[in-house]
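> Have a look at this prediction, sequence included:
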Amino acid sequence: MYGKGLRALSISTVVAMTAALTLVFFYAPLEAEQGFLQKIFYVHVPLAIVSLCGFVLGGLLAIAHLRTRDPRWDFRSYVAIHMSLIFGLATLITGSIWAKGSWGHWWVWDEPTLVSFLIVFLLYATYQPLRFAIEDPERQARYASVFAVTAGAFVPLNFIAVRMSTAFLHPRVLGSTSNLPGPMALTFLISLIAIALLYATLCKYELTAKHTRAQVRALRRRLAGEESGRAGEGGRTSRSAAPSALPAGSVGPRPAGQAARTAGYPIKGHT
Amino acid sequence: MSALLAETPALPLHEAGKYVAAAYIVLLAMILVYVAIMAIRMSRTERELGELLAELDREEGAQAARTGEQGAGS
């Protein structure tokens, strides 16, 4: 289900990442002020953009969940936010390294862009504990979706607020890419595409892995002879922050003992 | 901050190189850690699936034996 197109996406990501790294180190010219250190720009800024877009995407998927009540949307929203958090952490680390090389400090508190990104990151860092704090899966999904929508709306507002602030010390990227020399702009765009593809691929891997695991658990329960009373849980066996990976009403594979039990979920050697 | 930036000269390659390498290594390390976690999860799922298949085999074998006994009895 989620694994469809994963191979093509993975290959595209590897090609794009290779192209981006080649352009960064062998094509893009050295920046006049920062010299070689500016190469961090090509990894740090795309990571930040993709991470923030991922948070917004999580909010949009949460809206779909609230509209349809289909837990699959909540599952997708959870994975989008989970992956954005990882990318956000990478953004903070690479940003700190850049700050240390450029300004001599790991972190600068009077820099609005840095601090606002940290606020967004910390806001989303509460997402997992929030989920874990609610035991009932349906309520957990609903509250998590409300959180994702609210926090997702906060991301662009925060971005605009920083733009409107008076201090313009942090390098402006969006809106000023046209000021970059051609080779630098091209390298930046390819890097952005590569990081976006990496995000999409890792999300798809996560979705596929979690869905497969939920199916295996559902199959185990079926074989153990459990009744379909746990249908709404979609593969959950205990309290977890991770949402249901199977749609509502699904208990995964069909009951054991039927000839067509593996029809929907082909297993090699058992067809 | 602007004064600090203005006075910061372009770092020589040998000085900047370690920061650039560190930034790219962080990204690479995070991808590798993620892949390692996925590999562990995948092997666990594979093991569980193997156990389920073995369970199915046992169940089918027992069912076949029961059917054979009933056929012989009638």
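Okay, I see it.

> Helix, strand or coil: sort out residue A:4 for me.
coil (DSSP: H, G, I helix; E, B strand; the rest coil).

> cool, residue A:33 as well?
Classified using three-state DSSP, residue A:33 is coil.

> go on, the one 5 residues further on?
Per three-state DSSP, the secondary structure class of residue A:38 is helix.

> Okay, and the beta partners of the nearest residue to it once chain neighbours are set aside?
Leaving out its chain neighbours, the residue that sits closest to residue A:38 by C-beta to C-beta, 6 or more residues apart in numbering or on different chains is residue A:31, at 3.8 Å. Glycine gets a C-beta too; all of them are placed from N, C-alpha and C. Taking DSSP bridges as the rule, residue A:31 bridges to residue A:35.

> how near is residue A:31 to residue A:180?
10 Å (C-beta to C-beta, to the nearest Å).

> With residue A:100 instead?
Distance from residue A:100 to residue A:180, by C-beta to C-beta: 24 Å.

> One more: residue A:108?
23 Å.

> May I have the secondary structure class of the closest residue to chain B within the stretch 101-250 of chain A?
Residue of the stretch 101-250 of chain A nearest chain B, by C-beta to the nearest C-beta: residue A:101 (3.5 Å). Here residue A:101 is helix, with the state taken from three-state DSSP.

> so where is the chain shaky, pLDDT-wise?
Here I'm looking at chain A. A:166-178, A:226-240, A:244-271 (pLDDT under 70).

> wait, chain B
B:1-14, B:73-74.

> Can you show me the helices along it?
Listed in chain order, the helices of chain B (DSSP state H) span B:2-7, B:13-73.

> could I get those as TSV with mean neighbour count?
Shown next, in TSV, are the helices of chain B (neighbours: other C-beta atoms under 10 Å in any protein chain shown):
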stretch	mean neighbour count
helix B:2-7	10
helix B:13-73	13
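
> Out of these, flag the one nearest residue A:201.
helix B:13-73 (10.1 Å; C-beta to C-beta).

> how about the closest one against chain A, any contact?
Yes - applying C-beta under 8 Å from any C-beta of the partner chain, one finds helix B:13-73 in contact with chain A at B:13, B:15-17, B:19-20, B:22-24, B:26-27, B:30-31, B:34, B:38, B:41-42, B:45, B:48-49, B:52-53, B:55-56, B:59, B:63.

> about what we covered before: quick one: closest of the helices of chain B to residue A:1.
helix B:13-73 (15.1 Å).

> Could you tell me which residues of the stretch 1-150 of chain A lie near chain B?
Contact residues, the stretch 1-150 of chain A versus chain B (C-beta under 8 Å from any C-beta): A:21, A:31-37, A:39-40, A:43-44, A:47, A:86, A:89-90, A:93-94, A:97-98, A:100-104, A:108, A:110-111.

> Apply 7 Å and report the result again.
Neighbours of chain B within the stretch 1-150 of chain A, by C-beta under 7 Å from any C-beta of the partner chain: A:33-37, A:39-40, A:43-44, A:86, A:90, A:93-94, A:97-98, A:100-103, A:108, A:110-111.

> check contacts around residue A:58.
Applying C-beta atoms under 7 Å, 6 or more residues apart in numbering or on different chains, one finds that residue A:58 lies in contact with A:77, A:80, A:81, A:84, A:148, A:152.

> I'd like to know how far it sits from chain B.
Distance, residue A:58 to chain B, by C-beta to the nearest C-beta, to the nearest Å: 18 Å.

> Quickly find the element holding that residue.
Taking DSSP states H and E as the criterion, the element that holds residue A:58 is helix A:41-68.

> Please identify the buried residues of that helix?
Neighbour-count burial for helix A:41-68 flags A:41-59, A:61-62, A:65-66 (criterion: 16 or more other C-beta atoms under 10 Å in any protein chain shown).
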